[in-house]
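Chemist: Kindly generate the corresponding structure for this input.
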Amino acid sequence: MAQGRKRRVWSDEEKRAICAQTRVPGVSVSQVARRYNANTNLVFTWLRDPRFAPDKAAEGTGTFLPVEIVAERGCPEPATPAIENRIEIDLAGGHRLRVSGPYDPEALARLIRGLSA
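Modeler: Numbering: from 1, shown residues only. Sure thing, here's the model as predicted:
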């Protein structure tokens, strides 16, 4: 006769605790089953059993959150569009020079003289 795993006996409290962990957002039933070295199908069987399934009535109950009412403030002014520093210069020979952002005018003048020469 082949020797298999020893059959684990779970108490009702352990089953409830394991089933409750499956209700945590982002946690899968297989993750919980692996954590307890249990078969995933066994945990699904427990979830179908009303004795062990997490209390769904507790899920449906709402909770009150604190709310603070403050005086209404005036509407904010619409944001003015950002002025973009951009220069386009058409050079002799069909070349176009585009400069975006901050620039040094003297360095730009030297560049244009160098490209035009």
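
Chemist: Domain map for the chain?
Modeler: Domain ranges of the chain: 12-55, 86-116, per automatic domain parsing.

Chemist: count of residues packed around residue 37?
Modeler: 8 (other C-beta atoms under 10 Å). To be clear about C-beta, it is placed using only N, CA and C from the backbone, and glycine gets the same treatment.

Chemist: now swap in residue 18 and tell me
Modeler: Residue 18 has 21 neighbours, counted by other C-beta under 10 Å.

Chemist: same deal with residue 43?
Modeler: For residue 43, the count of nearby residues is 21 (other C-beta under 10 Å).

Chemist: That one and residue 113: what is the separation?
Modeler: Residue 43 sits 79 Å away from residue 113, going by C-beta to C-beta, to the nearest Å.

Chemist: quick revisit: okay, the domains of the chain, which one's buried deepest?
Modeler: Mean neighbours per residue, mean count of other C-beta atoms under 10 Å, is largest over the domains of the chain for domain 12-55, with a mean of 14.

Chemist: Distance from it to the middle of the chain?
Modeler: Centroid separation for domain 12-55 versus its chain: 26 Å, with C-alpha atoms, centre = their mean, to the nearest Å.

Chemist: same question, stretch 89-98
Modeler: With C-alpha atoms, centre = their mean as the basis, stretch 89-98 stands 47 Å off its chain's centre.

Chemist: Now residue 30: closest residue in space, sequence neighbours ignored.
Modeler: The shortest distance from residue 30 to any non-neighbouring residue, by C-beta to C-beta, 6 or more residues apart in numbering, is to residue 40 (4.8 Å).

Chemist: rewinding a little: ok, of the domains of the chain, where does mean pLDDT dip lowest?
Modeler: Note on the domains of the chain: lowest mean pLDDT is at domain 86-116, with a mean of 79.

Chemist: Just the endpoints, please. Distance across it?
Modeler: Using C-alpha to C-alpha, to the nearest Å, one end of domain 86-116 lies 20 Å from the other.

Chemist: circling back: so the residue nearest to residue 30 is in contact with residue 29, correct?
Modeler: Yes. Residue 40 lies in contact with residue 29 (C-beta atoms under 8 Å); the separation is 5.9 Å.
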